[in-house]
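> Let's see this in three dimensions:
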Amino acid sequence: MPHAVPGWFDHVRCPLILTDADVTTALALNEESLRLFALAGPAAPCALSTLLGASAAGVVTAMRGPEPLPPRIVEARVAGEARALGLALSRLEDGRHLLTIHDLMAEYRAADRLSALEADIQEIMETLPVGVEIYDGEGNCLFANSHGAAVVGYSINELINLDDWWPRAYPDPAYRAAAMAAWEAGVRSARADLDHVHMADWMVTCKDGSQKMIHFRLRSLGDNLILVYWDVTEHRQLVHQLRVLADTDDLTGLGNRRRFLAESEAVLRTAREAGTPVALLMIDLDFFKAINDHFGHAVGDLMLRDVADKCRRTLREQDLLARLGGEEFAALLPGVGEAEALRVAQTLRNFVAAAPMMIEGRSIPATVSIGVALLDGQAARGNASTSGELSDLLRRADEALYAAKRAGRNRVMRDEGVPGIA
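Residues are numbered from 1 along each chain as shown. Next comes the predicted model:
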């Protein structure tokens, strides 16, 4: 039956039109074509121009020939709406033709939406307050936003075309080598684990020669790498300032009890590993309550500052000095044995007693009592508890201090009740 519709016609999931041999009349439309042309039921036979319009129908008719022509794209009005259609014409064995229609409007609209989305994403990345860079698998930069360039003082074009970035950003060869090795390790980690985010902080030299601490985050995005970074210089400085404030005694500028305990453990750990001795001096200002009561708290504060200054001037730079609270100070002396510890303690005691503080021309004498406790580094080597060592050292030094107080003050006393005679 020459005019029969093939059995597969309605099962094809794209619009099809069966035409006559002259390709002027639509003999049948499959369900996808009915949907495309917004037809509720069979509309054939009808002129092809009724469906596509005269211009598009003429293009289809011209595609007829012994040899199939390449597909064509035409503008047509479909169901009253202008659309772009991809048309392909093939000849059946009985002389009729099959017109395959590809509705390009949906793809164009999707492409437009994608293009708009890409523009939106690019605008979003441009407005982000962080640097964003995207690299392909070969390490080529695919995208960089302006903020990232501005962080280090460059324009976006300068940054993208900067061939000598590494020596400019990290002029010190050793630091540069470390930064490059860290970058390569980060890339390997990011590619090995797509969920891994590699994070690092590096001091970067800007275009004007200034330096900024930059926080970097790197991860894989498909086959590409995305790098996000921002300036944390002020944040790091603020954190450092807050840490200093939290660990510093406001009155004297010395470390406070918390800082002393934390740093002492590190000193004792090093001493234990090296097998070297450590000495602890507990220093207490004598009759401090009487000084406050007689001269006032303002003078008492000045006295504490004066004693703290004398301690600084007596001790070495590597010694750990702190105000534990009230009128009590502590000094941890790494690498110092008994004889040297007692000599330092006596020197400090003599310094305080021999140099009274002057207030408005008036001499205000002061003395200190000092308790000394010692830790033999060789004996401590087998001890695994640094905190236990510190607690024991503090206890023994405190007992020696109170022994000095009971013995009449203004003196040095060693732990176990031994007088501290240098």
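
> all helices for the chain, in order.
Per DSSP state H, the chain carries helices over the ranges 31-36, 48-52, 54-62, 105-127, 146-151, 156-160, 165-169, 173-192, 233-247, 257-274, 288-295, 297-314, 338-354, 386-406.

> who's the residue most central in space within the chain bridged to?
Note on the chain: the residue nearest the mean C-alpha position is His215, at 4.6 Å, using C-alpha atoms, centre = their mean. Beta-bridge partners of His215, counted by DSSP bridges, are Asp201, Trp230.

> Deepest in the core, which of the helices of the chain is it.
helix 48-52 (a mean of 21; mean count of other C-beta atoms under 10 Å). (Each C-beta comes from the backbone N, C-alpha and C, glycine too.)

> returning to what we had before: residues contacting the residue nearest to the centre of the chain?
His215 sits next to Met199, Ala200, Asp201, Tyr229, Trp230, Asp231, Val232 when contact means C-beta atoms under 8 Å, 6 or more residues apart in numbering.

> State the pLDDT value of it.
Note on His215: pLDDT of 92.

> swap in Ala380?
At Ala380, pLDDT is 53.

> before we move on, back to that, closest to Leu221 out of the helices of the chain?
Leu221 lies closest to helix 173-192 among these, at 9.2 Å (C-beta to C-beta).

> Go ahead and name everything in contact with the closest one.
166-167, 169-170, 196-198, 200, 202-203, 216, 218-220, 225.

> Select, out of the helices of the chain, the one closest to Leu99.
helix 54-62 (6.2 Å).

> What would the closest one look like as CSV? C-alpha coordinates only.
What follows is helix 54-62, C-alpha atoms only, in CSV (Å, rounded to 0.1, in the frame of the first residue of the first chain):
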residue,chain,number,x,y,z
ALA,A,54,5.6,29.2,2.5
SER,A,55,9.3,30.1,3.0
ALA,A,56,10.2,27.1,5.1
ALA,A,57,8.1,24.7,2.9
GLY,A,58,9.9,26.0,-0.2
VAL,A,59,13.3,25.2,1.5
VAL,A,60,12.0,21.6,2.2
THR,A,61,10.8,21.1,-1.4
ALA,A,62,14.1,22.3,-2.7
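
> Which residue, other than its chain neighbours, is closest to Val12?
Leaving aside its chain neighbours, Val12 sits nearest to Asn30 (6.2 Å; criterion: C-beta to C-beta, 6 or more residues apart in numbering).

> same thing with Phe260?
Nearest non-adjacent residue to Phe260 (C-beta to C-beta, 6+ apart): Ala322, at 3.6 Å.

> now swap in Val74 and tell me
Spatially, and ignoring its direct neighbours in sequence, Val74 is nearest to Ala56 (4.5 Å; C-beta to C-beta, 6+ apart).

> Then Val152?
Cys206 (4.6 Å).

> contacting residues for that neighbour?
Residues near Cys206 by C-beta under 8 Å, 6+ apart: Val152, Gly153, Lys212.

> Now flag whichever of the residues you listed is closest to Leu104.
Checking the contacts of Cys206 one by one against Leu104 (C-beta to C-beta), the nearest turns out to be Val152, at 45.5 Å.

> State the distance from that closest one to Thr205.
For Val152, the distance to Thr205 equals 8 Å [C-beta to C-beta, to the nearest Å].

> which neighbours do those two share?
Shared contacts of Val152 and Thr205, counting by C-beta under 8 Å, 6+ apart, come down to Ala169.

> these two touch, right, Glu257 and Glu328?
Actually, residue 257 is Arg rather than Glu. No: Arg257 lies out of contact with Glu328 (C-beta atoms under 8 Å); the separation is 9.4 Å.

> Glu360 - how many residues pack around it?
5 (other C-beta atoms under 10 Å).

> if we can go back for a sec, so which of the helices of the chain is nearest Val74?
Using C-beta to C-beta, those put helix 54-62 closest to Val74, at 4.5 Å.

> my read: Ile17 touches Thr25, true?
No: Ile17 is beyond contact range of Thr25, at 9.9 Å (criterion: C-beta under 8 Å).

> more neighbours, these two?
Ile17 (26 against 18).

> where does that one land on pLDDT?
89.

> How about the contacts made by it?
Ile17 touches Ala26, Ala28, Leu29, Asn30, Ser33, Leu48, Leu51, Leu98, Leu99, Ile101, counting by C-beta under 8 Å, 6+ apart.

> cutoff 7 Å now
Ala26, Leu29, Ser33, Leu99, Ile101 (C-beta atoms under 7 Å, 6 or more residues apart in numbering).

> Could you measure from the residue nearest to it when sequence neighbours are not counted over to Leu85?
Nearest residue to Ile17 in three dimensions, chain neighbours excluded: Leu99, at 4.2 Å (C-beta to C-beta, 6+ apart). Distance of Leu99 to Leu85, given as C-beta to C-beta: 10 Å.

> Could you do Glu360 as well?
Glu360 is 102 Å from Leu85, by C-beta to C-beta.

> again, but for Glu184
Counting by C-beta to C-beta, the gap from Glu184 to Leu85 is 52 Å.

> repeat for Ala354
106 Å.

> now do Phe287
In terms of C-beta to C-beta, Phe287 sits 104 Å off from Leu85.

> Thanks a lot, see you next time.
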